[in-house]
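Peer 1: no FASTA, just this:
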C-alpha cells in the first residue's frame, strides 16, 4: 500500500510539473522579428533585373474561368515594375507600370493610361500589385510577434504586420505565417482597417536560383493560391512558369514601350 502511494505521488508530481512548466518554444524578440522580415525581403530581391513568365487563372462562382498569360519585368534596384498581358488575345497589350510609387494601367483598346490604387485587381483577378513585385515588407509595415504555431505539418512563426502611416498598401493589416525551418512564407491573410478578413493566400512551393548580379540565390514562390474572403468561392492562382535574371533594356520601364506592344 505504501509503495502504491509513493508511485501515485510521483505520477502526480510529474503531471503537476508538466502542467506548470513553461513552453520550450522561445518567443521571438522584436529584434529577431525585424531580422526575419528583412530576410523575407532580401531573399526575394535581385540586385539586377528580373523577368517572369506567369500563368494566371481566375475562378469565379457561376462564371467561366478566366485564364491569362503575362510577363512581369522588375528592376529592384530602382523599384521599377512593368506587367504586360500576352493572352488571351482580347487582353494582349494591356499592362501596368509603376512610376515613382504610382501604379498606372494601360488599355490598348482606348490608348489611355489611368492611375490605379494598390487595391487594383490585376486583370480583374484577386491578385494585387504586391503579388508580382519585389517584397517590401520592411518599408511598408511594422511587424510584431504573435506566436509559434503549427500550419499543417509545418512549425511556423505567426507575425502581425501593420502598415506604416505613410505606406500605400492594399490592406492595412496582414498576418503572415513563416516556416521556422526554411524562412519561407507559407500563408498570409490581409485585413481591412475594421479587422474584416479580405484575402487569404497560400504559398505551397518556393524555388531558388542563383543570381550572378547578386552573387547569391534569390527565392520566388512557384505558386500563389489566393482566396477571396468576401465573395466566397472566388479564387485566383498565380503560377510562375519561368524566371530570367538577365539584364533588361531600360526602355522597358516606360509608357512608350508598353504602348508599342499594341501597335
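Peer 2: Arrived safely. Quick caveat, the model's predicted, so the values are computed rather than measured.
Peer 1: got a pLDDT number for the residue nearest in space to the middle of the chain?
Peer 2: In the chain, the residue lying closest to the centroid (C-alpha atoms, centre = their mean) is residue 131, at 5.2 Å. pLDDT for residue 131: 96.
Peer 1: likewise residue 27?
Peer 2: Listed pLDDT for residue 27 reads 90.
Peer 1: what of residue 198?
Peer 2: Reported pLDDT for residue 198: 97.
Peer 1: so which helix or strand takes in it?
Peer 2: Assigned by DSSP states H and E, residue 198 belongs to strand 197-211.
Peer 1: who touches that strand?
Peer 2: Contacts to strand 197-211, defined as C-beta atoms under 8 Å, 6 or more residues apart in numbering, come from residues 46-48, 126, 131, 171, 182, 184-192, 216-230, 240, 243, 245. No exception for glycine: its C-beta is placed from N, CA and C like everyone else's.
Peer 1: in this structure, where is pLDDT below threshold?
Peer 2: By pLDDT under 70, the low-scoring segments of the chain are 1-25.
Peer 1: now the strands for it?
Peer 2: For the chain, the strands defined by DSSP state E cover 49-59, 66-75, 80-87, 95-99, 102-107, 112-116, 141-151, 154-163, 173-179, 185-191, 197-211, 216-228, 235-244.
Peer 1: can you list the strands that the longest one pairs with?
Peer 2: In the sheet containing strand 197-211, the strands it pairs with under DSSP bridges are strand 185-191 (antiparallel), strand 216-228 (antiparallel).
Peer 1: what's the angle from it to strand 141-151?
Peer 2: Counting by axes from the mean of the first three to the mean of the last three C-alpha atoms, to 10 degrees, strand 197-211 points 90 degrees away from the direction of strand 141-151.
Peer 1: buried ones in strand 197-211, by neighbour count?
Peer 2: 198, 199, 200, 201, 202, 203, 206, 211 (16 or more other C-beta atoms under 10 Å).
Peer 1: ditto for the first one
Peer 2: Of the residues in strand 49-59, those buried by neighbour count under the rule 16+ other C-beta under 10 Å are 49, 50, 51, 52, 54, 56, 58, 59.
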